[in-house]
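Undergrad: okay, here's the prediction I keep looking at, along with the sequence it came from:
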Amino acid sequence: MTAAVRVPEQAIDPLFHERWSPRAFTAEEIEEKVLLGLFEAARWAPSSMNLQPWRFVYARRGTAAFDRFLKTLAPGNQAWAARAAALVAVVSHELSPGPASGGGAPVRSRSHSFDAGAAWAHLALQAHLWGFGTHAMGGFDPEAARAALRVPEGWRIEVFVAVGRPGDPATLPDWAKAREKPSTRKPLAEIVREGAFEGTEARDPSRAA
């Protein structure tokens with residue numbers, strides 16, 4: 001199914017276009033060592049000044065923590081994420097050390113979300129290699145989630161991620177069944193520019209000169 005829907009414009013490893021974000025999960029449990037393996041993959045993501053501003057807070061299904069995490073999600077997400085094997089909050093540190101030469105007070109980081117996103121991508125790709133699905137969710141109550149996870153000030157909850165074995169779409173609400181398929185992507189010509197973002201110097205490198 002994925003090959004028919006997702007056809008890359010350039011030759012790349014199939015890992016990148018075969019991975020997608022399902023909502024249907026089997027509701028089976030996941031071993032803690034498997035989750036730790038996903039976090040190990042995320043640990044090796046690149047980050048600005050190697051600050052590694054990401055943190056992962058997780059809860060496995062069947063635990064009180066899982067129920068606490070689930071209740072902070074938007075109702076639409078709760079409807080399908082309840083069958084996930086685990087819920088993972090991706091948290092990033094909003095501050096970075098002051099200038100290296102001066103050792104001043106911490107300053108607002110410009111890259112903490114970007115770096116946490118790179119770590120999440122590593123996690124998602126490793127999960128796909130091991131036969132697990134992942135689905136990141138921005139739909140949650142930030143304040144309720146901060147309280148439920150006891151996240152201190154200076155840290156931002158970026159997303160929640162549902163992790164589990166892909167399951168039967170029949171278990172999904174009707175609105176989600178129609179979406180349970182790999183999504184397409186914008187063409188390279190729409191997202192790539194050479195030389196400048198726009199104007200006379202901008203050029204779409206996917207077109208012949």
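TA: Alright, I've got the coordinates.

Undergrad: list the buried ones in stretch 162-169?
TA: By 16 or more other Cβ atoms under 10 Å, the buried positions in stretch 162-169 come out as 162-165, 167, 169. (Each C-beta comes from the backbone N, C-alpha and C, glycine too.)

Undergrad: which two among those residues are spaced furthest apart?
TA: V163 and P169 (17.7 Å; Cβ to Cβ).

Undergrad: in its sheet, what does the longest strand belonging to the chain sit against?
TA: For the chain, the strand reaching the highest residue count under DSSP state E is reported as strand 155-164. Using DSSP bridges, the strands paired with strand 155-164 are strand 86-93 (antiparallel), strand 133-137 (antiparallel).

Undergrad: what is the subsequent helix or strand relative to the first one?
TA: Note on strand 86-93: by DSSP states H and E, the next helix or strand toward the C-terminus is strand 95-96.

Undergrad: after that following strand comes which helix or strand?
TA: Toward the C-terminal end, the helix or strand that comes next after strand 95-96 (DSSP H and E) is strand 107-108.

Undergrad: contact partners of that following strand?
TA: 94-98 (Cβ atoms under 8 Å, 6 or more residues apart in numbering).

Undergrad: please pick the buried ones from those residues.
TA: 95-96.

Undergrad: any idea which of the contacts of strand 107-108 is closest to G139?
TA: Proximity of the contacts of strand 107-108 to G139, judged by Cβ to Cβ, is greatest for E94, which lies at 20.9 Å.

Undergrad: can you give me the buried ones in the helix or strand encompassing F114?
TA: According to DSSP H and E, F114 maps onto helix 112-129. The neighbour-count check on helix 112-129 (16+ other Cβ under 10 Å) flags 112-113, 115-117, 119-128 as buried.

Undergrad: my guess is A121 contacts P46. True?
TA: No - the criterion here is Cβ atoms under 8 Å, and A121 misses it with P46 at 10.6 Å.

Undergrad: where does the prediction get shaky in this protein?
TA: The model of the chain has pLDDT under 70 over residues 1-4, 99-103, 200, 202, 206-209.

Undergrad: mind listing the helices for it?
TA: 2-5, 14-18, 32-43, 64-71, 75-81, 112-129, 142-149, 174-177, 188-191 (DSSP state H).

Undergrad: right, and those - which one's nearest F25?
TA: helix 75-81 (7.7 Å).
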